[in-house]
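Asker: sequence unknown, structure follows:
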């Protein structure tokens, strides 16, 4: 069974410096029909203007994964971490008992495009933590590459939740599939391009909630990138 969440139906705010789309309720966007899916709580599609960003602010009791699609992201936090992530790189922040951080676009000319993802942790009051992952260009080409997991398998970054995230970059005409174990569910998010899954034509920004299926198959109608969540 599947339920499509079209890109155009998401919550949308354009603040000038920030153009953001919310798959699920977040901040000033509230939709009781879209409060999350299993442990997946936030999927925000953000575009940040050159030289702009989110000032220092606090989080707690959440697993936060950020994936940079275009441009660069400058990160600073209260644990002393400071880095610049480029397109194709991910970070995981365990907010736990409390963390402060800032995120900004250090470029003076290029926009930053990123996805920020929140998953509920398996328990509260965790020790705050931080981790990064940079993928080689061909690691996700034509296959689902594990990038986030609870056990760090295959060099993935770790989260405190029974969830696995996979990235796949596809050329036009390519297909990939991923098995789902009984009782598990999936969320498929199209990041770029256009694909077909479960007979649905999907474009960038579209998402699909998937339950009671034994696999997820994706066929690219154009050069595309997709993000798959395997959720308990």
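Answerer: It's in. This one's a predicted model, so the numbers in the text were calculated from it and none came from an experiment. Residues are numbered from 1 along each chain as shown.

Asker: Only C-alpha atoms from now on, for both contacts and neighbour counts.
Answerer: Will do.

Asker: Give the phi and psi angles for residue 52, as a check.
Answerer: phi -110, psi 170 (degrees, to the nearest 10).

Asker: To clarify, my last question referred to residue 198.
Answerer: Note on residue 198: backbone dihedrals following degrees, to the nearest 10 are phi 50, psi 40.

Asker: So it versus residue 187, what's the distance?
Answerer: Residue 198 sits 13 Å away from residue 187, taking C-alpha to C-alpha, to the nearest Å as the criterion.

Asker: just residue 142 next, same as before
Answerer: As for residue 142, its distance to residue 187 is 19 Å (criterion: C-alpha to C-alpha).

Asker: neighbour count winner among these two?
Answerer: More neighbours sit around residue 187 than around the other of residue 142 and residue 187, counting by other C-alpha atoms under 10 Å; the figures are 22 against 16.

Asker: got the contact list for that one?
Answerer: Residue 187 makes contacts with 37, 207-210, 228-231, as judged by C-alpha atoms under 8 Å, 6 or more residues apart in numbering.

Asker: Give the helix, strand or coil label for the residue of the chain most remote from its centre.
Answerer: Largest separation from the mean C-alpha position in the chain: residue 108, at 25.1 Å (C-alpha atoms, centre = their mean). At residue 108 the chain is in coil, as set by DSSP: H, G, I helix; E, B strand; the rest coil.

Asker: wait, isn't it in contact with residue 51?
Answerer: Yes. The pair residue 108 and residue 51 qualifies as a contact (C-alpha atoms under 8 Å) at a distance of 5.5 Å.

Asker: Give me the distance between the two termini of stretch 132-151.
Answerer: End-to-end span of stretch 132-151 (C-alpha to C-alpha): 15 Å.

Asker: show me the contacts for the closest residue in space to residue 173 that isn't next to it in sequence.
Answerer: Taking C-alpha to C-alpha, 6 or more residues apart in numbering as the measure, residue 173 lies nearest to residue 220, with 5.3 Å between them; neighbours along the chain are not counted. Neighbour list for residue 220: 170-175, 193-196 [criterion: C-alpha under 8 Å, 6+ apart].

Asker: again, only using 6 Å
Answerer: Counting by C-alpha atoms under 6 Å, 6 or more residues apart in numbering, residue 220 makes contact with 172-174, 195.

Asker: where's residue 217 relative to residue 30, distance?
Answerer: Residue 217 sits 31 Å away from residue 30, taking C-alpha to C-alpha as the criterion.

Asker: Much appreciated, bye for now.
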